[in-house]
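Student: Dropping the sequence and predicted coords here.
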Amino acid sequence: MILKKLFIPVFILPLLIVGCGKQSTKNIPMGKYRAILKTAGGDLPFFFELKNEKGHSSASILNGKEIIKVDEVKVVGDSLTLYLPSFNSTIKAAYSGFLLKGNLTLVKANAVLQVIPLKAELNTTYRFFPKPKNSIDISGRWAAVFKEDDGSTYPAVGEFEQNGSGLTGTFLTPTGDYRYLQGQVKDRTIYLSTFDGGHAYLFKATLDKNNKLEGGYWSGIKYHESWTAVKDENAKLPDPDKLTFLKKGYRKLDFTFPDLNGKMISLSDKKYKGKVVIVTLEGSWCPNCHDESRFLSPFYDKYHNQGLEIISLMFENYDDSARAVAQIKKFRDEFNIKYDLLLAGTNDKDLASKKLPMLSKVIAFPTTIFMDRRGRVRKINTGFSGPGTGDHYFHLTDEFTRFTEKLLNEK
């Protein structure tokens, strides 16, 4: 997701930190919790689960089919801390009166902190409502239009599955997807939410008498967009391979940025000569970048000996290079990345466009650039449809693999 505004709610997720050694859990019951984040759009629910096995605490965040392991979990008495270092988000809460109460902290662009009030209750199984009655079924594919508060718009495709009042699905946009959404239908209104460790999204919409969905979308503390949608099984988005392109007169990419040790790296270096090179524009704060890196890491291991190199140009939330490098290292360790990660700048698409002036415009993180053994740019893909999009993810990764193999097999 990027996603368009990647507010990709980087709620500092202290909630889900995995494996922090032996801790006392006598005052915090283990089990599945329904957490509520207080946002401008109302209550944003998600689930997380706490476990204690042989004195070791662990946690997971749950959104539909998605299970996110928390990297660090600390339970001391009635206090809980969950930390996801690759998103740099934290949840801190205390247990009192049968509830966990605290805050989610997210680090946003320019190191701005978002602190969101949180409370969580054990063994509450519903997402939004205990026993909602519904009179509609919105299963299927919807053509949507999102409108930002400044009046600009962008298209999206919503895909939903409904079982009774239960609802799951996602939105795909030209710049990414909103990952695993889970919610319910009540009367003629739908409610969807997710917390992916770095972002918190809330969607609401009511189906009018003309069978048109109309509602709002909220991210983080206060970001808001309105949206409408009509059912359309043929709805589709613009071709992601045609949104960003080389300017007239260019055939190659060129840049020089420092790696995590401060060494300047360039595409003209001997390491990349005669190799197929994939360059990605990413950020550790970006959920769709997490999706892509989770795919790219084993992909690189498989094809590296056949002549594949990958370079990730990282655009981070920190302007301070030391803090940015430290965050990139956490991201690298999360996905066991062995290819090069370079510090390219801060989380700003306009800045990325200036750093790579041969590109028409950078409109999303991630953006993925494929280059053949001669160093020529052969394809530029905008965004990344993650596993929350189902068949779209499998189609994208299959095309990704086939195109890379084609380049590797060229003489």
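Tutor: Ah, there it is.
Student: Low-confidence ranges, the stretch 101-250 of the chain, go.
Tutor: Scanning the stretch 101-250 of the chain with the threshold set as pLDDT under 70 gives no residue ranges.
Student: Stretch 76-91: which residues count as buried?
Tutor: 79-91 (16 or more other Cβ atoms under 10 Å). For the C-beta atoms, the positions are set from N, CA and C on the backbone; glycine is no exception.
Student: How about stretch 33-42?
Tutor: Those would be 33-37, 39, 41-42, for stretch 33-42 by 16+ other Cβ under 10 Å.
Student: Which members of the residues you listed are the farthest-apart pair?
Tutor: Tyr33 and Gly41 (21.2 Å; Cβ to Cβ).
Student: quick one: which of the buried residues of stretch 76-91 is nearest Ala235?
Tutor: Nearest member of the buried residues of stretch 76-91 to Ala235, counting by Cβ to Cβ, is Phe87, at 30.7 Å.
Student: That closest one should be in a helix, yeah?
Tutor: No - Phe87: not assigned to a helix; according to DSSP: H, G, I helix; E, B strand; the rest coil it is coil.
Student: Nearest residue to it in space, please, no chain neighbours.
Tutor: Gly198 (3.4 Å; Cβ to Cβ, 6 or more residues apart in numbering).
Student: One more: Arg34?
Tutor: Nearest non-adjacent residue to Arg34 (Cβ to Cβ, 6+ apart): Thr124, at 3.9 Å.
Student: what's around that neighbour, how many residues?
Tutor: Neighbour count of Thr124, defined by other Cβ atoms under 10 Å: 15.
Student: Over to Ile68?
Tutor: Neighbours of Ile68 (other Cβ under 10 Å): 23.
Student: before we move on, what about Ile67?
Tutor: 11.
Student: what comes up buried for stretch 160-169?
Tutor: By 16+ other Cβ under 10 Å, the buried positions in stretch 160-169 come out as 160, 162, 165-169.
Student: Ok, stretch 95-114 next?
Tutor: Buried residues in stretch 95-114 (16+ other Cβ under 10 Å): 95, 100, 102-109, 111, 114.
Student: Looking at the residues you listed, spot the one nearest Pro174.
Tutor: Among these, and counting by Cβ to Cβ, the member closest to Pro174 is Ala109, at 20.4 Å.
Student: And the closest one, how far from Leu202?
Tutor: 20 Å (Cβ to Cβ, to the nearest Å).
Student: How about His395?
Tutor: 28 Å.
Student: Compare neighbour counts for those two and give me the winner.
Tutor: More crowded of His395 and Leu202, by other Cβ under 10 Å: Leu202, with 26 against 12.
Student: The more buried one reaches Lys38, doesn't it?
Tutor: No - under the criterion of Cβ atoms under 8 Å, Leu202 makes no contact with Lys38, lying 10.8 Å away.
Student: Quickly list what's touching both of those two.
Tutor: Leu44 (Cβ atoms under 8 Å, 6 or more residues apart in numbering).
Student: Which parts of the stretch 201-350 of the chain are strands?
Tutor: With DSSP state E, counting those that start in this stretch as the criterion, the stretch 201-350 of the chain has strands at 212-219, 223-231, 256-258, 264-266, 276-282, 308-316, 340-346.
Student: could you dump those strands to JSON lines with mean neighbour count and distance to Leu118?
Tutor: Conversion of those to JSON lines gives the following (neighbours: other Cβ atoms under 10 Å; distance: least, Cβ to Cβ, whole Å):
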{"stretch": "strand 212-219", "mean neighbour count": "20", "distance to Leu118": "15"}
{"stretch": "strand 223-231", "mean neighbour count": "18", "distance to Leu118": "18"}
{"stretch": "strand 256-258", "mean neighbour count": "14", "distance to Leu118": "37"}
{"stretch": "strand 264-266", "mean neighbour count": "14", "distance to Leu118": "41"}
{"stretch": "strand 276-282", "mean neighbour count": "24", "distance to Leu118": "28"}
{"stretch": "strand 308-316", "mean neighbour count": "24", "distance to Leu118": "25"}
{"stretch": "strand 340-346", "mean neighbour count": "21", "distance to Leu118": "28"}
